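Q: This is a predicted model, with the sequence first.
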Amino acid sequence: MSVNIKYYKIKTIKRFLNSTAQARITLINELVVNATDPTLYRRRLRMLEQLSQYEQQIIKKLRDFDSDDPYDLEVATWNILQGLGHVVNKNA
Amino acid sequence: MNALPLLVSVNHQYITQLLNWHGYQSEPAGNLVKVQGFDDYNQLIDINKIFSNNPWGDVVDRTGTITGPLNFRILRPWQPAATAKSLDDIFQLRVRHYVDQDQKLNLFWSGGGDSTALVSAFLQHCSQVDQLRLIYSPHSLYENRNFFEFVTQKFPMLETVDISGEEYLSREFDGIVVTGHGGDEFTASLDQSFLEAHGFEVLRRGWRDFFYQQTNNSKLIDFCERYFAVADRPIDSVLEARWWFYAVAKSQVFAPRDVSFLFNQSGVSLDRFSAFYNCQEFEDYMWHNINGIIDTDYTSYKKFLRRYVYKFYANDDYLEHSGKVNSMQFQYYRLKKIELLDLRWIGILEDATFVRTKNLPFFSKKEFVAEYSNRLDYLFNQPC
């Protein structure tokens, strides 16, 4: 029985976009709470832009990704969520 | 020398899949991987797990006595220690080594002790301040604002660059980047969590009892007896064992990995990113002065570097009270830059080419074979 890799791709994108949605809500809330602080306001706006940039990049790569092995997507899910953590890291 | 370029670093996000596709049996060990058929290499992983709850970074043996699954180029093989020079002489020699390359020197100052000492060395021994560029971030100032103010007042012509915001993403760095890497690895890489878990007195305990207590594995003890003997000096205490392990098996990892920070630029070579403390002279100095690494409590860790800084920056508070902080700021910038600019890599070769497939972080055997076929098979060693 051949593997339906499309199913695993959908599972991956769903998990990824749920995570980016949570990250986005957090950033928006911080933007609102810190709206009077020019530094934090600028930084949160920048991070929102970077989050969208990262999201677009990952969706395109997932679309183009060629694999027959669901395990590849399992590993990749961990990688992209870790990457998301780096992108929204407030220390960077 | 092998005509084909060998590895200098691998990305552990992809290593398990890569090894499995090449027929190895592997098992995860934290962020590292043990591989069937490489018993001595696996022992090094076990030592790393004794010393760290969450070991990361390539284990690359510099003694030439251990074969691992991957074929690394050893950038600076282990050599028996020569007579130690003084720390002052070593730092002066080190600065001269960089200055004589007649390139712009980007000094990454995190605010931590290692990079503060290297900045102090450059400002004392580099006669042309305009050859230097101090790279810092707001976190550096949080760590040590007084030092920054002291330096900028004493050397008003010193170029300083805050790489926070979008600066680190877009700026192209000319010349050489010098970081404080090696400052931990050649001083036993002590972190406070290890001492909190085992007590400060563990450092003076015999390593044999301690290792056996942690693992119940007499084969590991036998391996360590052989491996530690290569040091050509007594390795009896946990501190000495820790010093040896991090110096010979964990010190290569950082500079090659850090060069990925420049992967958005052209003309990148490994020697454009240099670890200040990764040199024979500093390693020899530590071989002779292991017990000077730490004294009675954690705040005394690497105080000998703060005493060096004190001759330049006579701040009593810094000398007595500044402790070790994990300066991760540069790593955060590097990791974010890699993700946003898609500078991802599977491995870095010694000619600074990086092994990658087009859709990383999505990684498949299909795409790897399409890209490389069997051209990289020479990077994989046969099990022993």
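A: Received it, and whenever you're ready, just let me know what you need. Since this is a predicted model, take the numbers as computed values, not measurements.
Q: Spell out which residues of chain A are next to chain B.
A: Contact residues, chain A versus chain B (C-beta under 8 Å from any C-beta of the partner chain): A:43, A:46, A:50, A:53-54, A:57-58, A:61-62, A:64-69, A:71-73, A:75-76, A:79-80, A:82-83, A:86-87, A:89, A:91-92. (Each C-beta comes from the backbone N, C-alpha and C, glycine too.)
Q: how about 6 Å then?
A: A:50, A:61, A:64-67, A:72, A:76, A:79-80, A:83, A:86-87, A:89, A:91-92 (C-beta under 6 Å from any C-beta of the partner chain).
Q: Between which two of the residues you listed is the distance greatest?
A: In those, two members sit farther apart than any others by C-beta to C-beta. They are A:D66 and A:N91, at 35.2 Å.
Q: By neighbours, which of the residues of chain A next to chain B wins?
A: A:A76 (29 neighbours; other C-beta atoms under 10 Å in any protein chain shown).
Q: Look at the residue lying closest to it once chain neighbours are set aside and report its pLDDT.
A: Distance criterion C-beta to C-beta, 6 or more residues apart in numbering or on different chains; nearest residue to A:A76, sequence neighbours excluded, is B:F362 at 4.5 Å. For B:F362, the pLDDT comes out at 97.
Q: Return the set of buried residues in the longest helix seen in chain A.
A: Ranked by number of residues, the top helix in chain A under DSSP state H is helix A:5-33. Neighbour counts over helix A:5-33 (16 or more other C-beta atoms under 10 Å in any protein chain shown) mark A:5, A:8-9, A:12-13, A:16, A:19-20, A:23-24, A:27, A:30-31 as buried.
Q: do the same with stretch B:166-175
A: Result for stretch B:166-175 [16+ other C-beta under 10 Å]: buried residues B:Y168, B:F173, B:G175.
Q: Equivalent analysis for stretch B:191-211, please.
A: B:D191, B:F194, B:L195, B:H198, B:V202, B:L203, B:R205, B:W207, B:F210, B:F211.
Q: Show the average pLDDT along the one helix or strand the third one maps to.
A: Meaning B:L195. Using DSSP states H and E, B:L195 sits within helix B:192-198. What helix B:192-198 shows for mean pLDDT is 92.
Q: Could you do stretch B:374-384 as well?
A: Averaging pLDDT residue by residue across stretch B:374-384 gives 94.
Q: Likewise for stretch B:331-345?
A: Rounded mean pLDDT across stretch B:331-345 is 96.
Q: May I have the residues that are in contact with B:K365?
A: Neighbour list for B:K365: B:W21 [criterion: C-beta atoms under 6 Å, 6 or more residues apart in numbering or on different chains].
Q: Dihedrals phi and psi, it?
A: For B:K365, the backbone dihedrals (degrees, to the nearest 10) come out as phi -60, psi -40.
Q: pLDDT at it, what is it?
A: The predicted structure lists B:K365 with a pLDDT of 97.
Q: Check which helices and strands the longest helix of chain A is in contact with.
A: helix A:38-64, helix A:70-87 (3 or more C-beta pairs under 6 Å, 6 or more residues apart in numbering or on different chains; DSSP states H and E).
Q: so which of those is the most packed in?
A: Highest mean neighbour count among the helices and strands packed on helix A:5-33 (mean count of other C-beta atoms under 10 Å in any protein chain shown): helix A:70-87, with a mean of 19.
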